[in-house]
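J.: starting from these lines, generate the structure:
(chains A and B)
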Amino acid sequence: MRIPCPLCGTRDRREFYYYGSEDYLKRPSDQGMVEDLDNHLFLRDNPAGVMRDVWYHEAGCGAWMVVTRNTISHEVLGSELVAKQKEA
Amino acid sequence: MPELIAKTALAGKKLVVSGTVLAEVDHGMVSSIAPYPGQEDVVGNALKPLGFGFPAVNSFAMNGVAMIAWAGREQAFLVGADCPDLSGLAAVTDQSGGWVSLSLQGPLAVQALARYVPMDLRLVAFPVGMAARTPLYHMSMVLLRVAEDGFRLMLFRSMARTAWHEIEVALKTLAARAA
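T.: Sure thing, here's the model as predicted:
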C-alpha cells in the first residue's frame, strides 16, 4: 500500500502511522454535552465506500494528513495536510 | 572555560567496497531552522548572505562547505555554517551533536540504499539536488542526492554505528554476489 504525502509524494505505507478517523480533528466544545464528547471519542462510522482518516508521516516529513480512501476498492483517492485545514 | 574537543560519531571512518566509498563527513555546525508561520520568505532573505534561501520542499542547496537541506514540514537544516540571528522569525536549535553525516558514492550506492530505503531511488524519481525524509531500515534519515551515484545521509548520532553496519553489510553482500 502506498500513501500520497502532500509534501514528499507517494511513499510506502510503512513510513506512516495510522491515527484514526478524521472525526478526531473535530473536537466538540468543552461546554457541550458529555454525550458529544463520548461520540467524539468512541463512536465511529464504518462506511462501505469513501472514508477519511488521519495519518502521520512518522518516518518522513513529520506532517499530519487526512487521507481519503475507498474501503471497497482499497483505492487511495488523495491526501491533504491537517495544517492547511487549520489555516483555512 | 576549558577547551573541549568536538569528536564526530565515527572518528572519520571510511570504507571502500568495489569502488564504492562509504565515509563519515564532519558536518561541522548543524542548526534546525523552523520558521514561524508566514515567516519563510523573511527567513530565506536572512539566509541570502550564505548563498542560498530557505529550501523548497524536497530540495537542498550547497555553497562551498555550507548547505541548507529541507528536513521536514516547514523545517530545514543549515549545515556547515553558523546560523544568522533569526530571533522572532524562526525556532532555531543547535543539532550539531545530534546527527552523523555519511557520504556514499560509487556504483553500488543506489543498490545498497535500495535494500533499506522504502522509496524509489532511480534518477527519474529522485534526481540530483533532491532531498527526502525517509527511513534507512528503521532509522530516521535525511537523504540527499548529491550526484548520480552519490548520496549524503544524515542520521541520528545514537544510531551511527548501526547505520554504518547495515550499509557495510549491504555493500559487501552486493560485491560478493557480483564476484
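J.: SS state for residue B:27?
T.: Using DSSP: H, G, I helix; E, B strand; the rest coil, the secondary structure recorded for residue B:27 is coil.
J.: tell me the predicted confidence for it.
T.: The confidence metric pLDDT takes the value 94 at residue B:27.
J.: enumerate the residues of chain B near chain A.
T.: B:57, B:58, B:72, B:73, B:75, B:118, B:119, B:132, B:133, B:134, B:135, B:140 (C-beta under 8 Å from any C-beta of the partner chain). To be clear about C-beta, it is placed using only N, CA and C from the backbone, and glycine gets the same treatment.
J.: same thing but 6 Å
T.: B:57, B:72, B:73, B:118, B:133, B:135 (C-beta under 6 Å from any C-beta of the partner chain).
J.: so the fifth one sits against residue A:59, correct?
T.: So that's residue B:133. No: Residue B:133 is beyond contact range of residue A:59, at 7.6 Å (criterion: C-beta atoms under 6 Å).
J.: which of these two has more neighbours?
T.: Set residue B:133 next to residue A:59 and count neighbours by other C-beta atoms under 10 Å in any protein chain shown: residue B:133 wins out with 28 against 21.
J.: which stretch of helix or strand covers that one?
T.: Here residue B:133, judged by DSSP states H and E, is contained in strand B:131-136.
J.: test my guess that residue B:68 contacts residue B:78.
T.: Yes: with contact defined as C-beta under 6 Å, residue B:68 and residue B:78 form a contacting pair (5.3 Å).
J.: run through who's touching the biggest strand by length in chain B.
T.: Ranked by number of residues, the top strand in chain B under DSSP state E is strand B:139-147. Residues from elsewhere that reach strand B:139-147 (C-beta atoms under 6 Å, 6 or more residues apart in numbering or on different chains): B:60, B:69, B:71, B:126, B:128, B:130-132, B:134, B:151-155, B:159, B:163.
J.: and the contacts of stretch B:118-131?
T.: A:12, A:14, B:58-60, B:69-70, B:110, B:113-114, B:134, B:144-145.
J.: using CSV, write out every CA atom in that stretch.
T.: Extracted as CSV, the C-alpha positions of stretch B:118-131 are listed here (Å, rounded to 0.1, in the frame of the first residue of the first chain):
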residue,chain,number,x,y,z
PRO,B,118,11.4,2.3,1.0
MET,B,119,11.4,4.9,-1.8
ASP,B,120,12.1,5.0,-5.5
LEU,B,121,15.8,5.9,-5.8
ARG,B,122,16.0,5.8,-9.6
LEU,B,123,17.3,9.1,-11.1
VAL,B,124,13.9,9.9,-12.7
ALA,B,125,12.2,9.7,-9.3
PHE,B,126,15.0,11.0,-7.1
PRO,B,127,17.2,13.3,-9.2
VAL,B,128,20.4,15.1,-8.2
GLY,B,129,19.5,18.1,-6.0
MET,B,130,16.6,16.4,-4.3
ALA,B,131,16.3,15.8,-0.5
